[in-house]
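Engineer: structure, please.
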Amino acid sequence: MRIAPGFVPSDEELINCYLLKVSMGIPLPWNWMSEKEIYGETADPWEVLQDVHWEDFHSETKFKHVTYVLTKLLRVNGKTRIARRTKSGTWKGQTSGKEIYDESSGNLIGLSKMFTFYKNKPKGRSGEEEEEHGHWIMQEFSLAGICLNFELKFKDYAICRITRMFPRCRRLIWII
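Structural biologist: Have a look, this model is predicted:
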C-alpha cells in the first residue's frame with residue numbers, strides 16, 4: 001500500500017478518524033492502511049511488510065522509513081495480556097503507555113505504546129545476523145476510555161506505526 005509523501009497523521013487522528021471507525025465497522029473512504037498480522041508464529045517485520053514500498057520514503061538524508069498497519073491484538077488465554085512474539089523475535093515494550101485525549105472534549109480516547117523488535121539470538125552464535133533486516137521500532141495505538149463505550153464490531157484491533165531504521169542512524173532512535 002502506498003502512502004502519500006508527507007502524510008503524517010496525529011495520534012488523535014489515528015484513533016478518532018481511523019481506528020475507531022474501523023472498529024465500529026465503518027468503511028474508510030480511502031483505505032491507505034493494510035491489515036496485517038504482525039504478531040504470531042508466522043510474522044516477522046521484514047516478511048509481513050515485504051510489500052511496503054520502502055523506496056517511496058527514501059532520500060539521501062533520511063535513514064528511517066515509516067508505514068502504518070492495522071493488526072489484531074493476540075490476547076494470552078483471552079486475558080488482558082497481549083502476546084507480542086513473532087517467528088524469530090519479540091516486540092519488547094519501551095514505554096508503559098501514553099494516554100491520548102480528544103482535543104475538543106478532553107476525553108481519553110486511546111493509548112500509545114512504544115516497542116522495539118529484538119531478534120532471538122541463535123545459541124552459540126555471536127549475533128552477526130541482527131543487522132540483516134535493519135532496526136524496527138513500533139508505536140501501537142489502541143482504543144481506551146470513552147471509545148470503549150461505543151458498540152464495537154471489531155474489538156482488539158490496533159494501528160501500528162512501524163519504523164524501519166537503518167544501522168547508520170541508531171543514535172536517532174527516539175526521534176520519531
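Engineer: ok, which stretches of the chain are helices?
Structural biologist: 11-13, 20-23, 45-48 (DSSP state H).
Engineer: tell me which residues are up against the shortest one.
Structural biologist: In other words, helix 11-13. Contact partners of helix 11-13, identified using CB atoms under 8 Å, 6 or more residues apart in numbering, comprise 98, 100-103, 109-110, 112, 141. No exception for glycine: its C-beta is placed from N, CA and C like everyone else's.
Engineer: so for residue 168, what pLDDT did the model give?
Structural biologist: As predicted, residue 168 sits at a pLDDT of 54.
Engineer: also residue 127?
Structural biologist: Per-residue confidence at residue 127 stands at 50 (pLDDT).
Engineer: same deal with residue 56?
Structural biologist: According to the predicted model, the pLDDT of residue 56 comes to 49.
Engineer: try residue 141
Structural biologist: As summarised for this prediction, residue 141 has a pLDDT of 95.
Engineer: rewinding a little: now the helices of the chain in CSV, with distance to residue 145 and mean pLDDT?
Structural biologist: As requested, the helices of the chain are arranged in CSV below (distance: least, CB to CB, whole Å; pLDDT from 0 to 100):
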stretch, distance to residue 145, mean pLDDT
helix 11-13, 12, 92
helix 20-23, 11, 91
helix 45-48, 29, 77
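Engineer: closest one to residue 87 among these?
Structural biologist: helix 45-48 (7.7 Å; CB to CB).
Engineer: what sits up against that closest one?
Structural biologist: In this structure, residues lying in contact with helix 45-48 by CB under 8 Å, 6+ apart are 36-38, 69, 86-87, 117, 133-134, 136, 162, 164.
Engineer: give the residue spans of the protein that score low on pLDDT.
Structural biologist: For the chain, the stretches with pLDDT under 70 are 1-7, 31, 52-64, 78-79, 122-134, 166-176.
Engineer: let's go with 50 and repeat that
Structural biologist: 1, 56-61, 128-133, 169-176 (pLDDT under 50).
Engineer: ok so, going back, now a ChimeraX select for only the buried ones of the contacts of helix 45-48.
Structural biologist: In ChimeraX, this line selects whichever of those come out buried by 16 or more other CB atoms under 10 Å:
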select :36,38,69,86,117,133,134,136,162,164
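Engineer: for burial, what's the neighbour tally of residue 141?
Structural biologist: Other residues near residue 141 come to 26 when the count uses other CB atoms under 10 Å.
Engineer: give me the neighbour count for the residue lying closest to it once chain neighbours are set aside.
Structural biologist: Take residue 141 and drop its neighbours on the chain: the residue closest to it by CB to CB, 6 or more residues apart in numbering is residue 159, 4.5 Å away. Residue 159 is surrounded by 23 other residues when neighbours are defined as other CB under 10 Å.
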